[in-house]
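**Q** Fold the following, please.
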Amino acid sequence: MTDSTHPQTPTLTLPGGAIPLLGFGTWQAEGDEAELAVSTALQLGYRHIDTATGYGNEAQVGRALATRGIDRDDVFVTTKLPPDHAGRERQTLTESLAALGTDHLDLWLVHWPPNKQASPEVWQELVKARDEGLVRSIGVSNYSIAQIDELIAATGEAPAVNQIPYSPVDHDADLLAAHRERGVVVEGYSPLKRTDLDAEPIAAAARAHGVTPAQVVLRWHVQHDVVVIPKSVRRERIEENLGTLGFELTADEVAAIDALGTQG
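**A** Sure, this is the predicted structure:
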């Protein structure tokens, strides 16, 4: 990936290139609605699109990428291997690349641990795909630290990314630190679904900065260097989420939001 990532979006370094900290998620987006949503996100300035074979919308994402006329190297594209495709890794990747209309992925993830196991043999297939240049970076999703350690022990290769549910109520400084010690970037999904947007630390920060509570939550992720991929099919919400990059929370505001993860 070149350095021409959308200028507003901060990035983190992965082995195969920079990942924008704010991306666009496509879970539950289907058909024409998915294509329009991705097209809108690209038009507004997103340069990181997250999909998965299991979402059934790779072809729609591919069409949006093709019709927007944006240089392929300027968009960070992630898709994921379904756990029940273990043993069919290469075939699945070939199908994903064809649907997305690209000759490489920026990030390919194992969507869930197959049979709830770390499955180093599946991970080894992702390593091979990366070594052949079909994928720039490889990672996992919904893996525990113990499962990540199992992959590292078996192959000597740490995942570049672990995509897990993350929000203020999930905040766990020790978990973030454990990933960082292993060189694994944390990517958070369902950032808003699990959050009480009326919680006082979030509402207070929103008032202070003249932004929405949702923007505060997404900004909180960014300031923790947790990649975040909010999803929406509504143009105004897609645009609102991008506005996350236009302000900065104070250290005190971040700490107050962090404390939501220790309650209950």
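**Q** what's next to the lowest-mean-pLDDT helix or strand in the chain, contact-wise?
**A** Lowest by mean pLDDT, DSSP states H and E among the helices and strands of the chain is helix 31-44, with a mean of 93. The contact list for helix 31-44 (Cβ atoms under 8 Å, 6 or more residues apart in numbering) reads 24, 26, 29, 49, 57, 60-61, 63-65, 67-68, 70, 75, 232-233, 235, 238-239, 242. Glycine gets a C-beta too; all of them are placed from N, C-alpha and C.
**Q** buried sites along that helix?
**A** Residues 34-35, 37-42 are the ones in helix 31-44 that count as buried (16 or more other Cβ atoms under 10 Å).
**Q** need the next SSE after it, C-terminal direction.
**A** With elements assigned by DSSP states H and E, the helix or strand that comes after helix 31-44 is strand 48-50.
**Q** which residues are contacting the host helix or strand of His179?
**A** Assigned by DSSP H and E, His179 belongs to helix 173-181. Residues from elsewhere that reach helix 173-181, judged by Cβ under 8 Å, 6+ apart: 145, 148, 162, 185-186, 224, 226, 258.
**Q** do that again at 6 Å, thanks
**A** Helix 173-181 has contacts (Cβ atoms under 6 Å, 6 or more residues apart in numbering) with 145, 186.
**Q** now do stretch 146-163
**A** Residues from elsewhere that reach stretch 146-163 (Cβ under 6 Å, 6+ apart): 14-15, 109, 113, 118, 120, 123-124, 127, 137, 139-141, 143, 182-185, 187, 189.
**Q** Check those for burial and list the buried ones.
**A** Neighbour counting by 16+ other Cβ under 10 Å classes 14, 109, 113, 118, 120, 123, 127, 137, 139-141, 143, 184-185, 187, 189 among the contacts of stretch 146-163 as buried.
**Q** Identify each buried residue in stretch 17-36, please.
**A** So for stretch 17-36, counting by 16+ other Cβ under 10 Å, buried means 17-26, 29, 34-35.
**Q** Include distance to His85 when you put these into a markdown table, please.
**A** Formatted as a markdown table, these follow (distance: Cβ to Cβ, whole Å):
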| residue | distance to His85 |
| --- | --- |
| Gly17 | 25 |
| Ala18 | 28 |
| Ile19 | 23 |
| Pro20 | 27 |
| Leu21 | 29 |
| Leu22 | 29 |
| Gly23 | 23 |
| Phe24 | 24 |
| Gly25 | 21 |
| Thr26 | 19 |
| Ala29 | 21 |
| Ala34 | 21 |
| Glu35 | 24 |
